Structures are given as structure tokens and as C-alpha cells.
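**Student:** Sequence first, then the predicted structure:
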Amino acid sequence: MTTTPPTNATSRFETLFEQLNDPVVEFKLDDGEPIIVQANAAFREVFCVVDSVAGLPLNDLIVPADRQGEATDFDERTADGKPNRAVIERTTADGTRKFLYRSVPIGENHGFAIYSDITAKLRQERYLDVLQRVLRHNLRNDVNLITGHAEQALETAENEATRDALESITETADSLTQLCTEAQTIRNVLGESATLEPTALTPIVDSVSKDCLRRFQQATITVDCPDDLTVQADGRLRIVVDSLVDNAIRHNTSSMPKVTVAASVDDDTVELTVRDNGPGIPETERDIVLGDAEISPLSHGSGLGLWLVKWLTESYGGRLDIAADDGGSVVRVQLKRVPA
């Protein structure tokens, strides 16, 4: 069945207004107080189950008593021709709920207000926040305990099989500790908004290489980057580079881990390449991180470092690619070049 759209702009707007899933209300300010001109079906269903709310004071209908001052501030901004955007609490037919509130002034003493219910979203975020904090804290403490006992046992173990088992326990515990650290980094970093600006790449690469050599003294890192390379990014670019170089060494099973960090320019794109001589990132993990495969109990990544690199690179408008080469791994990050 084909629906013929309304032929004039007013009819199209009225159709959109009425069909929106979010509550929307048009109001006029009468001596500073918002009076409802019209409200869509979603507004009436959420806030007041009646056929018409036209002519009713908006604040008296939906604003809790302890939020009247906040609502007055919004109304004053509307009277001054300014928009509003905030997370608010409002009284609904089912009790108090939280909304993302946006209002737009239209002409003198008129405005539209949109209310997007985010109660469930905020509650879920709170649950996940508590869950993550408890798991991270308990996991880190338990892993430290396991590591301590395993290292003590290693000092006195004489049986080769026992020593191998204890070393495996220690390595696994270290991996869990690293996972906790990566999870915390992701939580901190991805909560920030990206403010892109010209960012010098080579000084970051040099600094990260020196830090990684202090952490992994058995490794060799070769840097091949032009001096005057500037990309569109922000201060978190250091986390991208550090994650790539750290992972290239940390998961390298070679007796002499070698990493090459190089950069090249192609028109308006800078490609940063991190190459290692390790066992290579498994194809299944590459497919998961790059989005070509589903995460399942039988197929999942071994860490969060590559996810962090992917998400940050995408926030810069860049692109991540992962490949295998001569048994090792080659990770390429493409970023927008900023001309000198």
C-alpha cells in the first residue's frame, strides 16, 4: 500500500509533528509562563492521557514541584531567543521519568519542546557502571593474589612440569591484569568527545618507542617516520600508537621481538604502519575487530587493545587494517593529513 504524502509544507509538518515517537509540544509564553498550543499524540500518551491539552500551563502539567526553578530558567532562555538542551525529570502518567529535553524558540514568545525518554538507558548505564567497577576491582585483587602465590611457588619448585605450569599461571594472570588496564583505558578515553586538531605524529611515535623500550628491554624498535608529519587527531593519538607498539611486543613469542613503526604519505592521507616478527594476529580475531565476523563464545578476541585503536581511529575519521606478513603482523592506521 502506497501512502500519498501531503502536498503542502504545512500539512507535511503537521503529519511529522503528530507521527513522531517522542513527545513534542508547541507552547507560547504568556507573561513568562509556557501555555500549550498543541501537543502530539506521544506527548498526550506519556504525560496526560486526554484528547486535548491545548490551553493548559505546561509547567503545571509536567514539572515536579522541586523542579519549578529549573523550568523557569528554561523559559527565560526561550524568551531571550535561546535554545535549551538538558537531562531533566518530568512527571508522567506513570510517575517521574528522565528525559533528554530540547527546546527551540520560534518567533517571539513561542517555542517547541521535545522530550526523549532516557530513563531505561540511564538505568542500564548505571547497572553496567556498577558491574564493571565491581568486576574490575575484584578481578584485579584476585589476579594479584594468584600472581603472588605462583611466583612464590616458582622459587621453590624443582619439578620441571610444575615450573612450566606455574609460569603458565603467571602469564595468564598477567594477561588478565592487562585486560583490566585496557578496559579502564577504554572507559576513560571513549567517554571523551573528540576535538580534532592538527597533531604532530612523529614526536608521539618517538616518545612511545622510548617508553616501550623501557618496559620491554629485550625488544628492538625501528622508527621510520618523516619529521614534519601532521594529522587530524587529538591527544589520544598517543594511546593509539602505544597500544599498537605495546601489543606488537607484549604478544610476541620471538626470543628477540622486533617492531618497525613507519609512516608514509599519499595525497591527503597518512598511513602509520606497525610491523612485528611475532606469531601474527589470528585471522578470526582480525575478522572480529574489523567487523567481518560475529563475537561468539567460540570466537573472540584475546584483548581490548585493537578495539581501542579501532574506535579511536574511527573517531578521527580514519581507517584500521590488519594483515599477516611473513609470520608476523602488519597493522595500518590511515589518518587524514594536515598540510604543513
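**Tutor:** All right, it came through fine.
**Student:** Tell me which stretches of the stretch 201-340 of the chain form strands.
**Tutor:** For the stretch 201-340 of the chain, applying DSSP state E, counting those that start in this stretch gives strands covering 220-224, 230-233, 258-266, 269-276, 319-325, 328-336.
**Student:** can I get the ones you listed in TSV with mean neighbour count?
**Tutor:** For every residue, glycine as well, the C-beta is placed using N, CA and C. Shown next, in TSV, are those (neighbours: other CB atoms under 10 Å):
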stretch	mean neighbour count
strand 220-224	14
strand 230-233	22
strand 258-266	17
strand 269-276	21
strand 319-325	15
strand 328-336	21
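**Student:** Of those strands, which shows the lowest average pLDDT?
**Tutor:** For those, mean pLDDT drops lowest on strand 319-325, to a mean of 89.
**Student:** outside of it, which residues touch it?
**Tutor:** Residues outside strand 319-325 that contact it (CB atoms under 8 Å, 6 or more residues apart in numbering) are 275, 280-281, 283, 286, 289-290, 306, 309-310, 313-314, 329-334.
**Student:** what angle do it and strand 269-276 make?
**Tutor:** Relative orientation of strand 319-325 and strand 269-276, computed by axes from the mean of the first three to the mean of the last three CA atoms, to 10 degrees: 40 degrees.
**Student:** got a pLDDT number for Gly235?
**Tutor:** For Gly235, the pLDDT comes out at 91.
**Student:** what pLDDT, on average, does the strand or helix carrying Thr181 get?
**Tutor:** Using DSSP states H and E, Thr181 maps to helix 160-190. Averaged over helix 160-190, pLDDT sits at 81.
**Student:** Contacts for stretch 165-174, please.
**Tutor:** Val143, Ile146, Thr147, Ala150, Glu151, Ala153, Leu154, Ala157.
**Student:** Contacts only, for Thr199.
**Tutor:** Here Thr199 is in contact with Thr230, Val231, Gln232, Ala233, Asp234, Gly235, Leu237, Val338 (criterion: CB under 8 Å, 6+ apart).
**Student:** same thing but 6 Å
**Tutor:** Contact analysis of Thr199 by CB atoms under 6 Å, 6 or more residues apart in numbering lists Val231, Ala233, Leu237.
**Student:** Could you list the domains of the protein?
**Tutor:** For the chain, automatic domain parsing gives the domain ranges 9-117, 120-191, 194-340.
**Student:** rank the ones you listed by mean pLDDT and give me the bottom one.
**Tutor:** domain 120-191 (a mean of 81).
**Student:** For beta bridges, what are the partners of the nearest residue to His110 once chain neighbours are set aside?
**Tutor:** Ranked by CB to CB, 6 or more residues apart in numbering and with sequence neighbours excluded, the top spatial neighbour of His110 is Lys28, at 5.1 Å. Beta-bridge partners for Lys28, by DSSP bridges, are Ile35, His110.
**Student:** what about Lys28, distance to Gly81?
**Tutor:** With the distance defined as CB to CB, to the nearest Å, Lys28 ends up 14 Å from Gly81.
**Student:** could I get the strands of the stretch 201-340 of the chain as JSON lines with distance to Arg250?
**Tutor:** Output for the strands of the stretch 201-340 of the chain, formatted as JSON lines (distance: least, CB to CB, whole Å):
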{"stretch": "strand 220-224", "distance to Arg250": "13"}
{"stretch": "strand 230-233", "distance to Arg250": "23"}
{"stretch": "strand 258-266", "distance to Arg250": "11"}
{"stretch": "strand 269-276", "distance to Arg250": "10"}
{"stretch": "strand 319-325", "distance to Arg250": "16"}
{"stretch": "strand 328-336", "distance to Arg250": "12"}
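**Student:** right, so of those strands, which gets closest to Gln68?
**Tutor:** Taking CB to CB, strand 230-233 is the member of the strands of the stretch 201-340 of the chain nearest to Gln68, at 45.0 Å.
**Student:** Go ahead and name everything in contact with the closest one.
**Tutor:** Applying CB under 6 Å, 6+ apart, the external contacts of strand 230-233 come out as Leu196, Pro198, Thr199, Ala200, Leu201, Val270, Tyr316, Leu335, Lys336, Val338.
**Student:** thinking again about what came up before, in contact with the residue nearest to His110, which residues are there?
**Tutor:** By CB under 6 Å, 6+ apart, Lys28 lies in contact with Ile35, Val37, Asn109, His110.
**Student:** Just give the closest residue to the second one, not the sequence neighbours.
**Tutor:** The shortest distance from Val37 to any residue other than its chain neighbours is 4.3 Å, reached at Glu26 (CB to CB, 6+ apart).
**Student:** quick one, what contacts the residue most central in space within the chain?
**Tutor:** Relative to the mean C-alpha position of the chain, the nearest C-alpha, by CA atoms, centre = their mean, is the one of Leu190, at 3.8 Å. For Leu190, no residue meets the contact criterion (CB under 6 Å, 6+ apart).
**Student:** Kindly reformat the contacts of Thr199 as JSON lines containing distance to Asp246.
**Tutor:** Listed next are the contacts of Thr199 as JSON lines, based on distance: CB to CB, whole Å:
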{"residue": "Val231", "distance to Asp246": "20"}
{"residue": "Ala233", "distance to Asp246": "18"}
{"residue": "Leu237", "distance to Asp246": "15"}
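**Student:** From the contacts of Lys28, keep the buried residues only.
**Tutor:** Among the contacts of Lys28, those scoring as buried are Ile35, Val37, Asn109 (criterion: 16 or more other CB atoms under 10 Å).
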